[in-house]
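**Q** just coords:
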C-alpha cells in the first residue's frame, strides 16, 4: 500500500479508531457455529481467538458504548466475549497457541467491568460463564516486563471486582517488578539487562498509567517514560524505530495514549506532548486504508507480504489493539494550549544507550546495541532512523530480522539492512553489529561520539561527528583471523541501505539523493556500487556497498545537504594553505583575502604550513629583518589580524630531529593539531566554518577540525603526486595518491583549477566547479612610460619568466633558446624552489639572468616591461593539468605571451602563442616580437574578465548555496 503524500491533520484519536472498529465489526462472524462472534482475518480467512483480536475489539466497543450507548456496539462486544469465553476452554482450537493469556485476561476483565449489567441480561448464562472464566484464568510463565504489567493490572482489576486479597498482593508484587525495570533516563526495559524496544516501552508506560493510584512512584514513572519517548520521536512522528516491533501500529497507538497521559499529569510537558501526539496521529492517518484498517507495520509494502509482522500475526490482531488504545487515549482530556516541537539539540539517553540528534533540517537516532530478546533489531553502530529535509533516508535496521519474524526474514538479506561495515565467511549471512551489548559514549572534542560493539571476536567501532548541517562517521572493523580451512571471507568496508525506487545518483564514492538533496560522501577501500535489493520492515530497500579485505579496515562517510537554489550566509573559513604567507600573493592568498575583504566570509583563518624550530634557530640572523617575518610569526601564541576579519596563524613544529626520530615527528604532528584547535578557538567561529584545504597531506585536518567543518572544500590546484620529485621515491608517491583519493572522496566541494582536474574530480565528488586562476589588474597592468624602467629590462629584447623556479621549468628549452639567440635577454624572476643543480646549466648562459625573488609589485612591473612573457614549462602529465597564474598576469600587462603546450583556460588560448620544442618556441618568440601594435589592449581587455575579485565572487556564490535557509 502506498500512503498518500501528505498527512492529514488529526486531533481526535477517535477519528482513526472508529473506522477501524467499523472494519473489525464487518470482520466479525455473525453465522451460528464455533466461530460465531470471533474476528475472521481477511488475509487468511481464519478465526483464531488466541490472537486477542476479539477481546480487544470487545473492550474498545465497550468503551465507546459506555460514553454513548449504542446497542450495535454493545452486542458486538458481547458476541466477541461469548466467543472468547466459549473457545478459551479449548485453548483456542483450531489454533494451538496458548501464548497470549495475559493479553486476553486483561481485555476480558476490563470489558466485563464495563458490560457486567448487559452480560447478565443475556441468555445462555453468559454472565455466569464469563465470571467463571475470570476466576480460573491462566497466566503466562513470561517475564517480559510488558507482560508482567498486564498481569499486574488484570489482578488489580480482579481484586476491585471480586475482592480477592491474594490478587491485590500479587498485583503489588508484579507492579514493583515493573517499576524496577525503569532506567534512570526513563527507558523501561522489556527484558531486564537485555532489551528495551521503544514499542514495548510505550505499552508498559500506558499500562502503568492505568495503575496510577496503585503506587506513589507511578506518576513520575509515567512522566519520565514520556520524556524518554519525546527524546527519540522523529519529526514525522516516528517513535517506534528502535528494537523489536519496528513500525508496528500498536506502538504508535500507545504513544498517543502516553503523550496525552503525560500532558494531563504535567502542564510543563503539555506543549511538547500535544505536538508529539498530533505528529503520531498524522503518521497513523497517512497509512490508514479507506476501509479503516492499517497494515500491521506502517510501511509501503503490500499488506499480503506481511513485511515486519511476527509469524503468528493476523491483520485483525494489532488493528484491534491499536483501535483500543486510541479509544483509551481519547478518554484522557488533552489540556488545551499550543504545540511545541522539541528544540534542536543532542540528547544522550545514557542508561538506554541511545543518542537522538535533532537539527533544524535532519534527525538521527543511534544506539549502543543490546543483546536483544531473540531479535536482531536492537543493533549498534548503525542509525535506527535518519530523516533529511523531511525525507526518510533510513529506518528499521536489520528489520525484519530473525526471531519470531520467521521464514520471511531468514536468509533473505535483511542482515545487510544497516549503515555499517559487514563481513561474512563463504556464502553465509552477513555479520552485522547486533546480538551483543555495545557502548555509546562521548568522544574527544566537540560533538563527537564513540560507538563500539564486539561479538564473536569481531569489533565494530564508529566515531560520529554531529555538525549543524552534516553527519559524519569514521568506522573501523577488526576481525578475528579466519581459522585454517575456513571458507573465503568477504568484507564490506561500507554498507548502506537506501529506499529503492528513490531517484538517486550513485558514484564510486558518493550517493546523491534527488528527493531530499542530501549527498552522502564515502571513503575507504573499494568503490561504492549497488549490491541488491531486499524487502525490509520499512520498504523495498537498495543495498549499496564497497568491498575490501583484511582483518582491519578503516572507512567513513559524511552526509550533508547539497547546494540549494538560493544562497545564505557563509559561517567563516579556516584555510590550511600549502604556501607560506608572503608578499608574493598567489591563488591561495588572493582568493581567501578577497572573500574576507568583500565581506562574503565574516572571518577567515589562514593557516601557514608549519615552521620547524630548526629553521627558527638556523635563521636567527634574519629574525629582525623583513626576511624573518615568518620566523617571528610562528613564535606568537595567537593568530595575527590583518584586517577585514582575516587572521593569519603560523604553526611551529617545536621538536627538532623529526626526520630522524619518528617519535619526535609524531610529537610535532600532535603539537600541530593542538595549535590548529587553539587557533580556531581564538578566532571564534560560533556557526562553524568552511574547512578549505589545498594538499592531500592535509586530509588529517578533517579528523582534527571536523567537528566544526560545516562544509569541506578542496581547492585542487596541482596534481600533487605527479609534482612530487622523483627523489622522494615511489612509496611516498603512492601514499600521496591514496591521500589525494581520500580527500577527493571526503570533500563536499572541489574547486578544480583546470578542466583536466575537474573531470577527474567529478568521478569521486558530485560537487565540482572549474575555478580557474586569475589576476589582480591593479598590480599587473601595462607599463607606464612615465615611470623609470627596471634595470633588468635594460638590455633588449628582454624575455621574462615570472614564477617560482621548480622542476617544471624546461631548462633544456631555455638553454637552447639562449644559445641560439644570444642577443635576447632571458630573465627568470622568482625564488628557487628546486635543487640548485636543476638550474645549473643556465648559469653558464651569459644572457640568462636568475633574478631570484622580487617584491610583488616590482615583479609585476618587470613583466609589464617585457618584450615577450614566457611560460617555458615541460610538457608532461603534471603541466597538462595546470592553469598557470602567470598567464593571467601576463595578459593583464598586455605583453605578448609564448608558452609550451600546457594546460590553460580555453578562453586564454587565442591570446597565447603555443609552441613545442626549442625551434618552434624560438619562432613563436620572433613572431611575438614582430607583432603589430594594438594587440596589447585586446589582451588587457581579456584579462579583465579573469580577476581574483570575480573568482572570489564565483566561489562565494556557490558556497553560499550550501548555507541556504530556504532548503
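**A** Nice, thanks for sending it over. On a predicted model such as this, the values are computed, not experimentally measured, just so you know.
**Q** where's the residue nearest to residue 655 when sequence neighbours are not counted, which helix or strand?
**A** With sequence-adjacent residues excluded and distances taken as CB to CB, 6 or more residues apart in numbering, residue 655 is closest to residue 664, at 4.5 Å. The C-beta positions use only the backbone N, C-alpha and C, and glycine is treated the same way. Following DSSP states H and E, one finds residue 664 within helix 662-683.
**Q** show me what that helix is packed against.
**A** Helices and strands touching helix 662-683, by 3 or more CB pairs under 8 Å, 6 or more residues apart in numbering; DSSP states H and E, are strand 604-607, strand 646-649, strand 652-653, helix 701-705.
**Q** nearest to residue 905, of those?
**A** strand 604-607 (25.4 Å; CB to CB).
**Q** tell me which other helices or strands that closest one touches.
**A** strand 573-576, helix 587-597, strand 646-649, helix 662-683.
**Q** what's in contact with that strand?
**A** Residues outside strand 604-607 that contact it (CB atoms under 8 Å, 6 or more residues apart in numbering) are 572-577, 581, 588-589, 592-593, 595-596, 639, 645-651, 676, 679-680, 683, 689.
**Q** packed most tightly, which of the helices and strands packed on strand 604-607 would that be?
**A** Among those, strand 573-576 has the highest mean neighbour count (mean count of other CB atoms under 10 Å), at a mean of 25.
**Q** quickly run through the sheet partners of that strand, with directions.
**A** strand 604-607 (parallel), strand 689-693 (parallel) (DSSP bridges).
**Q** make TSV from those and add distance to residue 199, mean neighbour count and mean pLDDT to it.
**A** Formatted as TSV, those follow (distance: least, CB to CB, whole Å; neighbours: other CB atoms under 10 Å; pLDDT from 0 to 100):
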stretch	distance to residue 199	mean neighbour count	mean pLDDT
strand 604-607	48	26	97
strand 689-693	41	27	98
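**Q** redo these as JSON lines? Include distance to residue 916.
**A** Shown next, in JSON lines, are the strands paired with strand 573-576 (distance: least, CB to CB, whole Å):
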{"stretch": "strand 604-607", "distance to residue 916": "38"}
{"stretch": "strand 689-693", "distance to residue 916": "34"}
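**Q** for residue 716, find the nearest of these.
**A** Per CB to CB, nearest to residue 716 of the strands paired with strand 573-576: strand 689-693, 9.4 Å.
**Q** starting at the chain centroid, how far to the closest one?
**A** Its chain's average C-alpha position is 18 Å from that of strand 689-693, according to CA atoms, centre = their mean, to the nearest Å.
**Q** what does that strand rub up against?
**A** 570-576, 592, 601, 605, 680, 699, 701-702, 705-706, 708-715, 743, 747, 959.
**Q** swap in 6 Å and give it another go.
**A** With contacts defined as CB atoms under 6 Å, 6 or more residues apart in numbering, strand 689-693 is touched by 571-576, 705, 708-709, 711-714.
**Q** between those residues, which is nearest residue 536?
**A** residue 712 (31.3 Å).
**Q** what's the closest one sitting at in phi/psi?
**A** Dihedral pair for residue 712: phi -110, psi 120, per degrees, to the nearest 10.
**Q** need the contact list for it.
**A** 691, 747-748.
**Q** mind putting those in JSON lines, distance to residue 722 included?
**A** Below are these laid out as JSON lines (distance: CB to CB, whole Å):
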{"residue": "691", "distance to residue 722": "25"}
{"residue": "747", "distance to residue 722": "19"}
{"residue": "748", "distance to residue 722": "25"}
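**Q** can I assume residue 530 sits in a strand?
**A** Yes - counting by DSSP: H, G, I helix; E, B strand; the rest coil, residue 530 is found in a strand.
**Q** quick check, pLDDT for it.
**A** Listed pLDDT for residue 530 reads 97.
**Q** next, count neighbours for residue 735.
**A** 16 (other CB atoms under 10 Å).
**Q** report the secondary structure state of it.
**A** Per three-state DSSP, residue 735 ends up helix.
**Q** give me the pLDDT for it.
**A** At residue 735, the model reports a pLDDT of 95.
**Q** and if you look at residue 308?
**A** For residue 308, the predicted pLDDT is 82.
**Q** surely it touches residue 537?
**A** Yes - judged on CB atoms under 6 Å, residue 308 makes contact with residue 537 at a distance of 3.2 Å.
**Q** okay, the helices and strands packed on helix 662-683 in TSV with distance to residue 907 next?
**A** Conversion of the helices and strands packed on helix 662-683 to TSV gives the following (distance: least, CB to CB, whole Å):
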stretch	distance to residue 907
strand 604-607	28
strand 646-649	30
strand 652-653	42
helix 701-705	33
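**Q** closest to residue 480 out of those?
**A** Residue 480 lies closest, by CB to CB, to one member of the helices and strands packed on helix 662-683: helix 701-705, at 26.8 Å.
**Q** what mean pLDDT does the closest one have?
**A** The average pLDDT within helix 701-705 is 91.
**Q** picking that back up, which single one of the contacts of strand 689-693 is nearest to residue 265?
**A** Proximity of the contacts of strand 689-693 to residue 265 (CB to CB) peaks at residue 708, which lies at 40.2 Å.
**Q** contact partners for the closest one?
**A** Counting by CB under 6 Å, 6+ apart, residue 708 has contacts 685, 688-689.
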